[in-house]
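Engineer: need a 3D model of the following:
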Amino acid sequence: MLVYEAVKSEFLEDVFHDELTNNIINNFQSKIGTVNKSEVRSWDNSMQYMYRVLMDAEIPDNAGVAIEYKVPYSSKRVDFLITGKRDKEESVVVVELKQWDKVEKVQGKEAIVKTRFNHGLAETTHPSYQAWSYGSLIKDYNATVQQDEIDIYPCAYLHNYIVNGASDPLTDDIYQYYIDQSPVFAKGDAKKLRDFIKRHIKYGDNKETLYKIEKGKIRPSKSLQDALNSMLQGNDEFVMIDEQKVVFEEALRLANEAKRTNTKQVLIVEGGPGTGKSVLAINLLVELTKKSMVAQYVTKNSAPRNIYATKLKKNFKKTQIDNLFKGSGSYVDAPSNEFDVLIVDEAHRLNEKSGMFQNLGENQVKELINAANMTIFFIDEHQRVTLKDVGSIDLIKKYTAENNGEVHQLELESQFRCNGSNGYLAWIDDVLQIKHTANTNFIGKDYDFRVFDDPNDLLESIRQLNKDKNKARMLAGYCWEWPKETRTKSDTPDIVIPEKDFGISWNLDNTLTWAIDDESVNEAGCIHTSQGLEFDYAGVIIGDDLFYKDGKMHTDYTKRAKSDRSLFGIKKMIKEKPEEAAKIADDIIRNTYRTLLTRGQKGCFVYCTDQKLASYLQCRLEKVVEYNANEFFGGEIQVAEDGERYTD
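Structural biologist: Next comes the predicted model:
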């Protein structure tokens, strides 16, 4: 997706006549979403510098120019692209623009620097690494770039930054590898950047290469379950970008610190659906193991562990797999500091007690912190989906303090699911009335969301989409029973909607790998078999536990199936603490559907048993609009604080 495209001569005219910024705002809001004033200021400032750089007759007037190109399968955008031909080969120069005027070197971490943002001094990736990583993702995911052998030349331009001699932190030797891959230009380097562009763009292309990149076929995104085997054999499958890289390097530093100083370290990493938590967890498992540390990947949810074990069994012994991937109840009797690092994925799903009868141990959070020199918790408190889920940031901090440990907290924001659409995720939060977000009427044009009147049509659409790569699945809220006598029979429907003559079975209990089995498209998964996994497309049936009335979303825990243990104990709690219990049940139901509705990378199709809810969703979908510049200048919409309940 390109926010702005032109040939060089048109770009120069737009800048000269002060028309460029308004053009960018209009296109940005129609294609991506709301913009803020700082983005507008940065565009206005940086484009003046690019205007000067491109004011050279040797840079062809018909070279392509693009601004804010959205990197495939992420929420990240490339600032500036210039396209043309070097000789016969097509070339793209990627320019990462920065307003920075100060940088601090960060020792002991690869490609990390410190600079000042609005919220203060913070670690981030070196501009050369950032430009290089974006270029790498374009190569990885744009099939046309690969097939046509389009060359990509990344660089960074910090037009406000003054390099202070050979010892300047920006150009320090520790960053040389990525500077070689992607040169960095600073204030006074306009001619050097111009020469870099002229070296790679000798002839114009009338935007043909831009068109190829924009319209090119995007390769399927790598999913963790597909890439896992290769990753554990030491291959780099995922290029980490921006805050992913920051978290990765900080985790490695803290692991070394814990071992070197014999101090207990705890790292909390917050991130919503699709922010790369699981990918980071596996990358850390691989890297820490390579560094001869005893590390384990821990998750309460058995579904991803079973998928991983199946994917790995061809190349790894069962004992090796069992030693790497553990359930969260495995540390009840673990000696203190037995492990170097425990990497806890889906930490919001941790329980208080362990064992089949929930009678072992004291608290899983406490046990995990006790068992390792360093514990990393990947957490999203909006994905707590059962009454037993006790994993929380406050609880982690409490038990860290009891162990005299040090707490560190970071956040992941980049979106790698839902076609990289942060807009869709924010829209879902707003639609489910979990919290107000800025994207009340925007989901991003690259994400396919549909509301179906007939579940049979929904199922048929998912079946058709599944034929290619077996990556489309049906999901449902747990509002239908799962009878023991038919749990191995897919031809016996469990989810029955008589008025639509529809029936489908729940996932079978004689397989642990429903998410990748060949015939699973004929069954519906629930929250317990799908959380922590991803598909290309998800078809979601919303049951009677979520409905729409009097202009608001409501939940009804009594509509949950008795065979679902997510809310086991809620009736007793309702009698003892009615208000607290009602709030907990309401959160769990909303969080469950938030999780189900964000399993699809490319699209989500929905059927609702409540007709008013279906009408509400369709109405919200029809209100998805293209913002105009006047809305931006009229003021910015604020996002509610986490936990603030939506009210009309």
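
Engineer: are we agreed that S490 is in a helix?
Structural biologist: No - counting by DSSP: H, G, I helix; E, B strand; the rest coil, S490 is not found in a helix; it is coil.

Engineer: could you measure from it over to A371?
Structural biologist: Applying C-beta to C-beta, to the nearest Å, the value for S490 to A371 is 40 Å. C-beta here means a position set from N, CA and C on the backbone, and glycine is covered the same way.

Engineer: the two: which is more packed in?
Structural biologist: A371 (21 against 16; other C-beta atoms under 10 Å).

Engineer: in contact with the more buried one, which residues?
Structural biologist: Y331, A334, P335, S336, N337, E338, F339, L342 (C-beta atoms under 8 Å, 6 or more residues apart in numbering).

Engineer: dump these into TSV; add secondary structure as well.
Structural biologist: Converted to TSV, these look like this (three-state DSSP):
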residue	secondary structure
Y331	coil
A334	coil
P335	coil
S336	coil
N337	coil
E338	coil
F339	strand
L342	strand
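
Engineer: which SSE is the closest residue to R349 other than its chain neighbours in?
Structural biologist: The spatially closest residue to R349, leaving aside those adjacent along the chain, is K300, at 4.3 Å (C-beta to C-beta, 6 or more residues apart in numbering). Using DSSP states H and E, K300 sits within no helix or strand.

Engineer: distance of the nearest residue to A476 once chain neighbours are set aside relative to P483?
Structural biologist: Residue nearest to A476 in three dimensions, not counting chain neighbours: I541, with 4.0 Å by C-beta to C-beta, 6+ apart. Per C-beta to C-beta, I541 is found 18 Å from P483.

Engineer: how about N373?
Structural biologist: 47 Å.

Engineer: now L621
Structural biologist: 35 Å.

Engineer: what bits of the stretch 501-648 of the chain have low per-residue confidence?
Structural biologist: Along the stretch 501-648 of the chain, the parts satisfying pLDDT under 70 run over 625-648.

Engineer: what's stretch 243-260 in contact with?
Structural biologist: So stretch 243-260 is in contact with 108-112, 123-125, 129, 133, 240, 263-265, 267, 269, 276, 279-280, 283-284, 287-288, 291, 293, 340-341, 373-374, 376, 408, 410-414, going by C-beta under 8 Å, 6+ apart.

Engineer: now do stretch 43-58
Structural biologist: Contacts for stretch 43-58 (C-beta under 8 Å, 6+ apart): 8, 11-12, 15-16, 20-21, 24, 65, 67, 79-80, 82, 95, 97, 99, 157, 159, 190, 193-194, 197-198.

Engineer: hang on, the earlier thing: which of I541 and P483 has more neighbours?
Structural biologist: I541 (25 against 12).

Engineer: packing partners for the helix or strand containing the more buried one?
Structural biologist: Using DSSP H and E, the element containing I541 is strand 535-542. In terms of contacts (3 or more C-beta pairs under 8 Å, 6 or more residues apart in numbering; DSSP states H and E), strand 535-542 is packed against helix 455-469, strand 472-476, helix 578-596, strand 600-608.

Engineer: I'd say V65 and V7 touch.
Structural biologist: Yes - between V65 and V7 there is a contact under C-beta atoms under 8 Å: 6.7 Å.

Engineer: for the chain, give me the ranges with low pLDDT.
Structural biologist: Low-confidence segments of the chain, defined by pLDDT under 70: 1, 28-38, 73, 218-228, 231, 234-235, 414-422, 437-442, 444-445, 625-648.

Engineer: V269 belongs to a strand?
Structural biologist: Yes - the assignment for V269 (three-state DSSP) places it in a strand.

Engineer: that one contacts F377, doesn't it?
Structural biologist: Yes - the pair V269 / F377 is scored as a contact, 6.8 Å apart, by C-beta under 8 Å.

Engineer: what residue lies at the spatial centre of this structure?
Structural biologist: T275 (2.2 Å; C-alpha atoms, centre = their mean).

Engineer: burial of the nearest residue to N510 once chain neighbours are set aside, as a residue count?
Structural biologist: Spatially, and ignoring its direct neighbours in sequence, N510 is nearest to T488 (4.6 Å; C-beta to C-beta, 6+ apart). Neighbourhood size, T488 [other C-beta under 10 Å]: 12.

Engineer: who are the contact partners of T488?
Structural biologist: So T488 contacts L508, D509, N510 (C-beta under 8 Å, 6+ apart).
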